[in-house]
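1. Kindly return the folded structure for what I paste below:
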Amino acid sequence: MTGVPASAAGGSPGAKGATGAPGASGASGAPGDAKPARGGKLGAAAVNQASLWNIANILTMIRLVLVPGFVALMLADGGYDPAMRAWAWAAFAVAMITDIFDGHLARTYNLVTDFGKIADPIADKAIMGAALICLSALGDLPWWVTFVILGRELGVTLLRFIVIRYGVIPASRGGKLKTLAQGTAVGMYILALTGALATLRFWVMAVAVILTVVTGLDYVRQAIVLRRSGIAERRAAAAEAER
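-> The predicted structure is shown next:
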């Protein structure tokens, strides 16, 4: 049963003969049986490796690959070619759409992986950060707007890591509206809009900035409440254990 030769286990020659008998080969763990076991391990490893290449992770990888292409399109010909800006908008739109679907697919079809947990937030912030920095570098968007949005995103991410020992801060409806407003506003700034649409994008961005600040403060509040409740529960558990 163990697959250890009888001689190694201190068995007698008779025992070796018994284990080497044809009728006992299925129960002795003979060398002929070790190959399927190794094959089974290799098969399991192959399945685990293949799980990395699920549709949710592929969409995340597409977002990561789109970032340098997006930057190149945004800055082509000095950053003021309407055709290149339109292509940059298309890349940004694809990235934002895949952001909507990859998380949903991962949760719905149990495709959550360690790679996805790390790569997904990186891809989200990479495409948004690249767009904001490019727009500010080209003079289309004030730098303070970029600092506010990116500062909030990085701050919330840091907060989640700090309080993870106490629990998870769930995504709020305000956070989803913030993401929608940011994506819409940045997308409008990427396009070479003029006239009324240029005025409209200013107000959409104003809404996005307000939602960014408000939801950021709400995350801070939730983090404080979660930490306090977590500490209280730990103290209560410790006191109960001492009784």
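2. got the contact list for the most centrally placed residue in the chain?
-> Central residue of the chain (C-alpha atoms, centre = their mean): D120, 2.3 Å from the mean position. Residues near D120 by C-beta atoms under 8 Å, 6 or more residues apart in numbering: 60, 102-103. Any C-beta I mention is one placed from the backbone N, CA and C, and that applies to glycine too.
3. And for the nearest residue to M84 once chain neighbours are set aside, the neighbour number?
-> Spatial nearest neighbour of M84, excluding adjacent residues (C-beta to C-beta, 6 or more residues apart in numbering): A76 at 4.2 Å. For A76, the count of nearby residues is 15 (other C-beta atoms under 10 Å).
4. how close does A76 sit to P170?
-> Distance of A76 to P170, given as C-beta to C-beta, to the nearest Å: 40 Å.
5. what's the following helix or strand after the helix or strand where A123 lies?
-> In this structure, A123 sits in helix 114-137 according to DSSP states H and E. Sequence-wise, the next helix or strand downstream of helix 114-137 (DSSP H and E) is helix 143-163.
6. Now do the buried residues in that next one.
-> Across helix 143-163, burial judged by 16 or more other C-beta atoms under 10 Å covers 145-146, 148-150, 152-153, 156, 159, 163.
7. wait, what's in contact with L197?
-> M188.
8. and the one helix or strand it maps to, how far out from the chain's middle?
-> Element membership for L197, per DSSP H and E: helix 196-242. The gap between where helix 196-242 is centred and where its chain is centred comes out at 20 Å by C-alpha atoms, centre = their mean, to the nearest Å.
9. What mean pLDDT does that helix get?
-> Helix 196-242 comes out with an average pLDDT of 91.
10. For P142, give me phi and psi.
-> phi -60, psi 140 (degrees, to the nearest 10).
11. Just to check, it is in contact with S136?
-> Yes - with contact defined as C-beta atoms under 8 Å, P142 reaches S136; the gap is 7.0 Å.
12. Compare those two (neighbour count), which wins?
-> Just comparing P142 and S136: by other C-beta under 10 Å the higher neighbour count belongs to S136, 17 against 12.
13. Now do the contacts for D102.
-> With contact set as C-beta under 8 Å, 6+ apart, D102 has these partners: 55-57, 59-60, 63, 116, 120.
14. ok, 6 Å please
-> 56, 59-60 (C-beta atoms under 6 Å, 6 or more residues apart in numbering).
15. Which of those residues has the largest number of neighbours?
-> Going by other C-beta under 10 Å, T60 tops these with 26 neighbours.
16. Can you tell me the SS state at it?
-> Secondary structure assignment for T60 (DSSP: H, G, I helix; E, B strand; the rest coil): helix.
17. quick one: it from A76, how far?
-> Between T60 and A76 the distance is 26 Å, computed by C-beta to C-beta.
18. cool, and L138?
-> Using C-beta to C-beta, we find L138 at a distance of 11 Å from A76.
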